[in-house]
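K.L.:
Here is a sequence with its predicted model. Questions after.
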Amino acid sequence: MTVQTAESAPSAAHAGTGTAAAGSVMAHALKDAFVTGLIALGLFGPLIGFQTIIIDGALGLGYRPGLLAIIVGIIFAGRLLLNLTVWSPNRQVKARSGPTVFDRAGVVIGPVVKPALFGFAVLFPAIAIYGMGGLTESRYLIDLGILILTYVMLGWGLNIVVGLAGLLDLGYVAFYAVGAYTYALLATSAPVNDFFAGLLGETFWANWAFWICLPIAGLFSGLWGMILGFPVLRLRGDYLAIVTLAFGEIIRLVLINWVDFTGGGAGVASIPRATFFGIPFSAGEDGFAALFGLEFNPMHRIIFLYFVILALALITAFATVRLRKLPVGRAWEALREDEIACRSLGINTTNTKLTAFATGAMFGGFAGCFFAVRAGFVSPESFTFDVSAMILAIVVLGGMGSQIGVAVAAAVMMGGMEMLRNLGFLKQVFGNDFDPSLYRMLIFGFAMVAIMVWKPRGLVSTRDPTIFLKERKAVSGSLVKEGHG
Amino acid sequence: MATSPEKWDVDPILSVEHLFMRFGGLIAVNDLSFKVGRGDITALIGPNGAGKTTVFNCITGFYKPSEGRLVLAHGRAPTDDEVVEVTRIGERSLAVEGAGVFLLERLPDYRVSGEAKVARTFQNIRLFTGMTVLENLMVAQHNALMAASGFSIKGLLGLPGWTSAQRAATEKAKYWLDKVNLTDRADDPAGDLPYGAQRRLEIARAMCSEPILLCLDEPAAGLNPRESLELNALLRSIRAEHGTSILLIEHDMSVVMEISDHVVVLDYGTKIADGTPAAVKNDPRVIAAYLGVDEEAVEKVEAEIHQIETQAGASS
Amino acid sequence: MEIFVQQLINGLTLGSIYGLIAIGYTMVFGIIGMVNFAHGDVFMVATFISLICFLLLTTVLGLTSIFVALFIVLIAAMFFTSLLSWAIERVAYRPLRGSFRLAPMISAIGMSILLANFVQVSQGPRNKPVPPMITDVIVLMDSGSYQVTLAWKQVIIMVITSLLLAGFWYLVQKTSLGRAQRACEQDRKMAALLGINVDHTISLTFVIGAALAAVAGVMYLMYYGVANFADGFVPGVKAFTAAVLGGIGSLPGAVLGGLLIGLIETFWSAYFSIEYKDVAAFSILAITLIFMPQGLLGRPEVEKV
């Protein structure tokens, strides 16, 4: 809304003329804040001032004038304050040019950040255990770590599609779902179990299912990426986004309705747990703890899962970094920059797009397989459009194409969402009816809008060249294009 | 008038035959036929809106012509029988001994560049602005590098075959950077270059894909006189050192008359003149098209010329 | 036969609602080339605003004439929904105009999530049923076992939709606002140079789209008698499908697409399977975009080289 100040700002000469000018500034600020307050009243009046309540089966109205007054008051006061300070016409705005603080920080501390983050990620379970004072107590933190790393991996996977190739995919969750269901259905399948039971022993499939299904899930998702990608990749821009969204929703609806095959809305339960390369994390004699001479603790499995997802995420990162320096990766980026020029240079753009789509889908499939083994349960509920939106928000917030940016964005977003779950003290402020977790998605939506308005290009907007002759220079974000597809 | 047959008729690298391009009711190119000689610099000129860029887009596969045949010859000019043969069997291309024939109108755009080896530049420059100058030249070698990287598998594993191919590609890029005087800017983003340098980079990038025919869409547009001279020198050296034939659209007559061996003039989608620069320059129809004389005046001039010629013939 | 006629009537009613929402998508896409993801949720908010207005008028103020109530609800819903859409454009889209292409899209997705969850938090997650408003029906056919009926509310929906479309058509085709809109569609910079207030025109586009969505919201509430915070996304996608099917950017196309989608959905539910009706809508969306991206009445896009 900064436009308003530009329209109404008195000229610079005005600012110097003392009290008269100050008075008019104040009057103007008040008037503007009053108008804003009125608009806020119109916006929030119906939905906050009134509440539809069902009493004895009939719908009635409740009233919340106090809450409405507070909200409108806050907006009025906030606008007034901003008008007098940040948006004040007397304020000298420093013209900034060149890279932003974040970009410069990225260049300076860039080389340090990667090893530091890597070290932290590896040592995280130890830190959590030490900090929380015990294995069992660290469970919450390590679970959170697993969640964040899952989204880091999903972010990196989608980054290949959106960040590098410039193809806007709003249905990425479909591949996550395909990976998860591939593992869930294969691992719980009786015929497969019987087949291996006859061949390699009763417990073989239960113990090895995850490790065998992990590559299968990835490849299968990649295959689905090809199948879905083939028809849609001729489309450009927002159309591609919409079609991928439609495919994502179709897959979810099929998962819900094809009850015989997928278990429908109830999902698939009792999926075999992860094993330490065939050794189950059980309390029995053949279990991990007994074989390694440790006291049994269910946390062993959680910590192991943490390292599995860390390894998977690092493989994703490594593959992406490597692919960027290969012709296929350069073609992805060239495609994002100018598709027609690519075709004039003999690049088969359809195949190039398909490889990007399938590669991204494959990593989504790995992450899905991991999700299924960690939760031990999958249902269509976990694969809604919100998840796609969340992953896309992570990629865009991180700065498209930047690995570190995406990792930081995933940590901030998922960590932030999780923190909202734990704001129990707010109950003391707002009363017991107040449930902070209800506000998670509300705040998430608000954050998405706010971040876009604040930093449309994300945290790290510079691009790192893949090859150089003399000196590696970061490419300014303003030159990098975002693709047409 | 009739002298020995022109070079482009004897050994054409590209024959455009009865090309038509219609957009809805509009006929942008109307029964156009001309030949581009091997090793020649051929200029396609004409007033604005004459259909030059449309012809380019047909040749490079971005448009599918409504009608017509575009025969590109690798190695030597194909015999008529060979062209008839490839047209009849419905293939896109045919390899005959020591030569290859491509029917460009049957190839999708990326194969025109990748297989038939026709590279092009664009009227409004299309560089990968967010990538560095060097990266632009690496992307141009995509197909060769893709094979060398074992379709990414060798490359992912970092096998030696790939690293040496990458080094060779970098050397080639360096060679072209030297040619177009951009070595100092190799690590800068292409979008940061000044206009003239961007034009040169686009030519270098096209050359990195090792074309046998280079199509340039107004390469001198927006260049100052000094840069135009440099462009002339660059195009001449491309032809001399690499044997690449060049087809260019140009408005700058100093470039056209200076460097081209053969000029084709278009107006309203039809060919109005075809010949050496000197011949074309004096063609009354060309003068009329450029100066905007109306049709009747041209017909009158033509009739007069005809009359004079017949009189001259009668009197001798 | 009777079932067919009944489904035809039901489909046209549903299609009118989709068509009204689709116009909002098509106009915004036409003028700023952006899929306004939040539009479906703006429609959902409109159903809640009309629900609250309706309750206020009937149960609190004791208004007995349902037609007067409906009329007031319509005006109020149009006003408040337009204000909301205007504010959304101002806060979430305008600062991003001309920036990174993905940014407005992400912002719109965020706004959609924000609206849905705002309504969930402020009004609660449960379905909100209203007592049936107009229950009279006209019996068109009676074969003994099956009656084909045309409900008065269906008549109202179709009549109001047609009237609004006629008025709206006049607005866009014959007034200076419509001309400014079409000019901005073609070339925003040039339009600004010729003295058209582009910001103003775009704002008005959002306002008009929202007003029509508000009408759709009132109709939806009257027809189904229920409001829920989650009922923005799917109707939104279906209306978007309608806009695409009719040819995005084309106003008659949006209406035609809306009617088609409404018919397909009701017939699909009646003759095939009700579980897969959303799959059918999404599939039509995908198939149209892939094989016929210009839609039924849209202009084909020529790739510029």
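P.N.:
Ah, there it is.

K.L.:
Dihedrals phi and psi, residue A:258?
P.N.:
phi -90, psi 70 (degrees, to the nearest 10).

K.L.:
wait, what's in contact with the nearest residue to it once chain neighbours are set aside?
P.N.:
Using Cβ to Cβ, 6 or more residues apart in numbering or on different chains and skipping residues adjacent in sequence, the residue nearest residue A:258 is residue A:264, 7.3 Å away. (C-beta placed from N, C-alpha, C; glycine too.) By Cβ atoms under 8 Å, 6 or more residues apart in numbering or on different chains, the residues touching residue A:264 are A:255-258.

K.L.:
can you check residue C:230 too?
P.N.:
Applying Cβ under 8 Å, 6+ apart to residue C:230 gives the contacts C:44, C:116, C:120.

K.L.:
rewinding a little: now pLDDT, secondary structure and neighbour count too, for the contacts of residue A:264, in CSV please.
P.N.:
Shown next, in CSV, are those (pLDDT from 0 to 100; DSSP: H, G, I helix; E, B strand; the rest coil; neighbours: other Cβ atoms under 10 Å in any protein chain shown):
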residue, pLDDT, secondary structure, neighbour count
A:255, 88, helix, 26
A:256, 88, helix, 20
A:257, 86, helix, 17
A:258, 85, coil, 13
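
K.L.:
now, which of those residues sits nearest chain C?
P.N.:
Proximity of the contacts of residue A:264 to chain C (Cβ to the nearest Cβ) peaks at residue A:257, which lies at 4.5 Å.

K.L.:
My read is that that closest one contacts residue C:275, right?
P.N.:
Yes - with contacts counted by Cβ atoms under 8 Å, residue A:257 reaches residue C:275, the gap being 4.5 Å.

K.L.:
tally of neighbours for residue 247?
P.N.:
Assuming you mean chain A. By other Cβ atoms under 10 Å in any protein chain shown, 25 other residues sit near residue A:247.

K.L.:
Please refer instead to chain C.
P.N.:
Per other Cβ under 10 Å, the neighbour tally for residue C:247 reads 24.

K.L.:
gap between the residue nearest to it when sequence neighbours are not counted and chain B?
P.N.:
Once flanking residues are discounted, residue C:247 sits nearest to residue C:298: 2.5 Å by Cβ to Cβ, 6+ apart. For residue C:298, the distance to chain B (Cβ to the nearest Cβ, to the nearest Å) stands at 15 Å.

K.L.:
any idea whether residue C:298 is helix, strand or coil?
P.N.:
Three-state call for residue C:298 (DSSP: H, G, I helix; E, B strand; the rest coil): coil.

K.L.:
show me the contacts for it.
P.N.:
Applying Cβ under 8 Å, 6+ apart, the residues near residue C:298 are C:246-250, C:253.

K.L.:
Same list (the residues you listed) but as TSV, adding distance to residue A:157, secondary structure and pLDDT.
P.N.:
Below are the contacts of residue C:298 laid out as TSV (distance: Cβ to Cβ, whole Å; DSSP: H, G, I helix; E, B strand; the rest coil; pLDDT from 0 to 100):
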residue	distance to residue A:157	secondary structure	pLDDT
C:246	36	helix	85
C:247	35	coil	82
C:248	30	coil	80
C:249	34	coil	77
C:250	37	coil	78
C:253	37	helix	85
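
K.L.:
And those residues, which two are furthest apart?
P.N.:
Greatest spacing in the contacts of residue C:298, by Cβ to Cβ: C:246 and C:249 (9.4 Å).

K.L.:
So for these two, which residues contact both of them?
P.N.:
Common neighbours of residue C:246 and residue C:249 (Cβ under 8 Å, 6+ apart) are C:26, C:298.

K.L.:
Can you add distance to residue A:61 and give the contacts of residue C:230 back as TSV?
P.N.:
Formatted as TSV, these follow (distance: Cβ to Cβ, whole Å):
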residue	distance to residue A:61
C:44	19
C:116	22
C:120	18
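
K.L.:
Could you rank these by neighbour count and give me the top one?
P.N.:
residue C:44 (27 neighbours).

K.L.:
For the closest residue to that residue other than its chain neighbours, the count of nearby residues, please.
P.N.:
Distance criterion Cβ to Cβ, 6+ apart; nearest residue to residue C:44, sequence neighbours excluded, is residue C:232 at 3.2 Å. Residue C:232 is flanked by 26 other residues according to other Cβ under 10 Å.

K.L.:
swap in residue B:66?
P.N.:
For residue B:66, the count of nearby residues is 15 (other Cβ under 10 Å).

K.L.:
Settle this for me: it is touching residue B:24, isn't it.
P.N.:
No - with contacts counted by Cβ under 8 Å, residue B:66 stays clear of residue B:24, the gap being 11.0 Å.

K.L.:
which element is the residue of the stretch 51-200 of chain A found nearest chain B on?
P.N.:
The nearest approach of the stretch 51-200 of chain A to chain B comes at residue A:166, 10.3 Å away (Cβ to the nearest Cβ). Per DSSP states H and E, residue A:166 falls between elements, in no helix or strand.

K.L.:
and it, how far is that from residue A:401?
P.N.:
9 Å (Cβ to Cβ, to the nearest Å).

K.L.:
which of those two has more neighbours?
P.N.:
Ranked by neighbour count (other Cβ under 10 Å), residue A:166 and residue A:401 place residue A:401 first, with 30 against 27.

K.L.:
list the buried ones in the host helix or strand of residue C:7?
P.N.:
For residue C:7, the host element (DSSP H and E) is helix C:2-32. Of the residues in helix C:2-32, C:6-7, C:9-32 count as buried by neighbour count, 16 or more other Cβ atoms under 10 Å in any protein chain shown.

K.L.:
Could you list every helix and strand that that helix packs against?
P.N.:
If you count contacts as 3 or more Cβ pairs under 8 Å, 6 or more residues apart in numbering or on different chains; DSSP states H and E, helix C:2-32 packs onto helix C:39-55, strand C:137-142, strand C:147-151, helix C:152-174, helix C:176-186, helix C:198-224, helix C:233-246, helix C:251-271.

K.L.:
Give the rounded mean pLDDT of the first one.
P.N.:
Averaged over helix C:39-55, pLDDT sits at 90.

K.L.:
Does anything pack onto that helix? Which helices or strands?
P.N.:
Helices and strands touching helix C:39-55, by 3+ Cβ pairs under 8 Å, 6+ apart, are strand A:50-55, strand A:58-63, helix C:2-32, helix C:66-88, helix C:102-123, helix C:198-224, strand C:226-227, helix C:233-246.

K.L.:
distance between the last one and the chain's centre?
P.N.:
Yep, that's helix C:233-246 we're talking about. Relative to the centre of its chain, helix C:233-246 is centred 8 Å away, using Cα atoms, centre = their mean, to the nearest Å.

K.L.:
Report the buried residues of it.
P.N.:
Within helix C:233-246, the residues that qualify as buried are C:233, C:235-246, counting by 16+ other Cβ under 10 Å.

K.L.:
same deal with the second one?
P.N.:
By neighbour count on 16+ other Cβ under 10 Å, the buried set for strand A:58-63 is A:59, A:61.
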